[in-house]
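1. Build the 3D model from these lines:
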Amino acid sequence: MASVTREEIDAAVEARRDEIVAFLSEFVAIDTENPPGRNYREGAEFLGAALDERGYDVEYVEVPESVVAEHYPSRSDRERVNVIGRKGSLDGVDVDGSDAPVRQPGTQSVPGDAADPEAAGAAAGPHVHFTGHFDVVPAGEDWTRDPFDATVEGEGNEAKLYGRGASDMKSGIVASLFAGDALEAAGVDFSTTTGSLSQSMTVDEETGGFTGLGYLVSEGHVSQSNTDYCVYTECFDGSRVCLGHRGVLKFRVVASGAKAHGCMAQDGINAASALTDFLGRVEQYREELHDRTTDEPVTPESSRRADISTTMLDAGYSENVVPDRATATFYRVLVPEEGVEGARTEIRELMAATEERFPASTLEYEEIMFAEPAIVSADCRVSQVYTEEITRQLGESDFVVSPGSDDQRFVVNDAGIGECIVYGPGPLDQAHVADEYVPIERLVTATKVMAASTAELLGVLE
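-> Residues are numbered from 1 along each chain as shown. From the prediction side, this is the model:
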């Protein structure tokens, strides 16, 4: 395959600046709010058409309703449609992960290995994969602009595109899509390479990702046998390489008792009393968690510790009725050194202590969602390549770890792919806010970084 220069790549991206903005504007106009999961098919077909126009082999991956019901029982009637596009050499590559030999975690093919397809066999490559989610959180009521009618405001380097998903994270998908365009415009011919470029656009990240990227991984569409390097294009300012994220455990605890009239409270069992005791134990536990810190570069620095928060409370029917049921919902954050099972055990120990003090009451644990922490090495090749290209564009870069969880965990933890980072143009502080925006200059710069990094990983950058 012919090699290309960074200057050729940058020029190809700049030539598409207006097209990038127009495409993102059209993309933002598709209301893919989650919950409940609106217009997923329309979003997938919009992206699939764009991939098809660019010569990708396109596959729509629909999630069976039975699988959706396992994770989102109240919304299982809504379609879950993901889309994948692949281009380049797929000889010997198992695109759905069902047959090809599996590489060991942390091992990849390299350009030198891929020079002879027969010698490389199923490991021919490298194979670079971009992934991002196109569902967005609900816009809410506080916008001063129409969240689904993108507007561009400002001039030059100060120009910003406003709209729901502009930062989180439709801009990331647009950047990776146009990075592929720029590579081909600069002279990369994927028909002559033993490697490949693939892109997946998924749903439901905002509610856990289990029927989005999680499903693609479970079905083998993203696996060690077809992916050497993966970039998850979530919003992280376009200036930093995100190596991973903390973990999370969302759960509720339900205390049960027996109702009674408030004037004869002795005849009842007050579930609120048992729950109040448990809440006190959670607060003590929270103080202990704050002493569990990590040396990983979690940002902001104040998030470099474990934590738990009580987020919702519900008890009682009337001021004169002793409640027989009281519920609290919790958000437990894990540092990378922790695991979800250990957190579950600690919660159950707190519950047992409350039940010992209030033997007439019972406490029930109900899990809502969990995400194990995920992290990769700053020394892995994809981390180093992206850091070099970001520094070339912006003068500096650094490594960070996200305070919240995202879909990277499916690639790293479940697929066992150690060469997977998070990098995208959207400002992190614009995620989920009213009047969300992405700076257009940062979007264009991130596209250049993605294109040049991909060229380097494919072994075609001069």
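
2. okay, CA-based contacts and neighbour counts for the rest of this
-> Will do.

3. show me where the stretch 1-150 of the chain has strands.
-> Remark: strands assigned in the stretch 1-150 of the chain by DSSP state E, counting those that start in this stretch are 57-62, 81-88, 127-133.

4. What average pLDDT does the shortest one get?
-> For strand 57-62, the mean pLDDT works out to 98.

5. Run through who's touching stretch 265-272.
-> Outside of stretch 265-272, the residues within contact range by Cα atoms under 8 Å, 6 or more residues apart in numbering are 255-261, 315-316, 322-326, 360-361.

6. how long is it from one end to the other?
-> The first and final residues of stretch 265-272 sit 12 Å from each other (Cα to Cα, to the nearest Å).

7. now do stretch 153-165
-> 16 Å.

8. Name the residues that touch it?
-> Contacts of stretch 153-165 (Cα under 8 Å, 6+ apart): 21, 25, 28, 134-137, 139, 145-152, 171, 431, 435-441.

9. Produce a PyMOL select command limited to the buried residues of those residues.
-> Listed next is the PyMOL selection for buried residues among the contacts of stretch 153-165, using 16 or more other Cα atoms under 10 Å:
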select buried, resi 21+25+28+134+135+136+137+139+147+148+149+150+152+171+431+435+436+437+438+439+440+441
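
10. Filter the contacts of stretch 153-165 down to just the ones in helices.
-> Secondary structure defined by DSSP state H assigns 21, 25, 28, 171, 440, 441 of those to helices.

11. Let me know the closest of those residues to residue 396.
-> Closest to residue 396 out of the ones in helices among the contacts of stretch 153-165 is residue 441 (16.3 Å), distances taken as Cα to Cα.

12. ok, for that closest one, nearest residue in space, not its chain neighbours?
-> The shortest distance from residue 441 to any non-neighbouring residue, by Cα to Cα, 6 or more residues apart in numbering, is to residue 157 (5.7 Å).

13. hang on, the one you found in a strand?
-> No - read with DSSP: H, G, I helix; E, B strand; the rest coil, residue 157 is helix and lies in no strand.

14. any idea how far it lies from residue 146?
-> Distance from residue 157 to residue 146, by Cα to Cα: 23 Å.

15. filter the contacts of stretch 265-272 to the buried ones?
-> Buried members of the contacts of stretch 265-272, counted by 16+ other Cα under 10 Å: 255-260, 315-316, 322-326, 361.

16. Show me those that map onto strands.
-> Counting by DSSP state E, the part of the buried ones among the contacts of stretch 265-272 found in strands is 255, 256, 260, 315, 322, 325, 326.

17. Reformat these as CSV; add distance to residue 198.
-> Formatted as CSV, these follow (distance: Cα to Cα, whole Å):
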residue, distance to residue 198
255, 49
256, 51
260, 62
315, 50
322, 59
325, 51
326, 49
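
18. what bits of the chain have low per-residue confidence?
-> Applying pLDDT under 70 to the chain picks out residues 1, 91-93, 97-123.

19. got the residue ranges for the helices in it?
-> Taking DSSP H to define them, one finds helices in the chain at 6-14, 17-28, 40-53, 65-71, 111-114, 117-120, 170-186, 213-218, 271-289, 340-357, 381-394, 408-409, 440-458.

20. right, so of these, which gets closest to residue 419?
-> Residue 419 lies closest, by Cα to Cα, to one member of the helices of the chain: helix 381-394, at 6.0 Å.

21. just to revisit the earlier point, can you tell me which of the strands of the stretch 1-150 of the chain is most buried?
-> When those are scored by mean count of other Cα atoms under 10 Å, the highest mean neighbour count falls to strand 127-133 (a mean of 26).

22. How far off centre is it?
-> Per Cα atoms, centre = their mean, to the nearest Å, the displacement of strand 127-133 from the mean C-alpha position of its chain is 11 Å.

23. got the contact list for that strand?
-> Residues contacting strand 127-133 (Cα under 8 Å, 6+ apart): 169-170, 172-173, 176, 195-205, 212, 226-234, 454, 457-458.

24. For residue 350, grab the count of nearby residues.
-> 18 (other Cα atoms under 10 Å).

25. surely it meets residue 284?
-> No - if you go by Cα atoms under 8 Å, residue 350 and residue 284 don't touch, sitting 10.2 Å apart.

26. Show me which residues of stretch 364-377 are buried.
-> For stretch 364-377, the neighbour count (16+ other Cα under 10 Å) marks 370, 371, 372, 373, 374, 375, 376, 377 as buried.

27. of all these, which two lie farthest apart?
-> With Cα to Cα as the measure, no two of these lie farther apart than 370 and 377, at 22.9 Å.

28. wait, which of the helices of the chain is closest to residue 79?
-> Nearest to residue 79, of the helices of the chain and by Cα to Cα, is helix 40-53 at 6.7 Å.

29. List the contacts of the closest one.
-> Contact with helix 40-53 is made by 27, 30, 32, 57-60, 79-85, 134-135, 177, 201, 203, as judged by Cα under 8 Å, 6+ apart.

30. Report the inter-axis angle for that helix versus strand 81-88.
-> Here helix 40-53 points in a direction 10 degrees away from that of strand 81-88 (axes from the mean of the first three to the mean of the last three Cα atoms, to 10 degrees).

31. hmm, back to that, let me have the strands of the stretch 1-150 of the chain in TSV, extended by distance to residue 343.
-> Formatted as TSV, these follow (distance: least, Cα to Cα, whole Å):
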stretch	distance to residue 343
strand 57-62	33
strand 81-88	32
strand 127-133	28
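
32. on that earlier part again, number of residues surrounding the residue nearest to residue 441?
-> 10.

33. Kindly report the same for the one 4 residues further on.
-> A total of 24 residues lie near residue 161 under the criterion other Cα under 10 Å.

34. nearest spatial neighbour of it, skipping sequence neighbours?
-> Leaving out its chain neighbours, residue 161 is closest to residue 152 (Cα to Cα, 6+ apart), at 4.4 Å.

35. ok, residue 371 to residue 382 distance?
-> For residue 371, the distance to residue 382 equals 23 Å [Cα to Cα].

36. and if you look at residue 435?
-> 33 Å.

37. Let me see the contact set for the residue nearest to residue 370 when sequence neighbours are not counted.
-> Setting aside the residues directly before and after it, residue 370 is nearest to residue 249 in space (Cα to Cα, 6+ apart), at 4.4 Å. By Cα under 8 Å, 6+ apart, the contact set of residue 249 is 331, 332, 333, 334, 340, 343, 367, 368, 369, 370, 371.

38. got the contact list for stretch 351-363?
-> So stretch 351-363 is contacted by 253, 254, 255, 256, 257, 269, 270, 271, 274, 277, 278 (Cα under 8 Å, 6+ apart).
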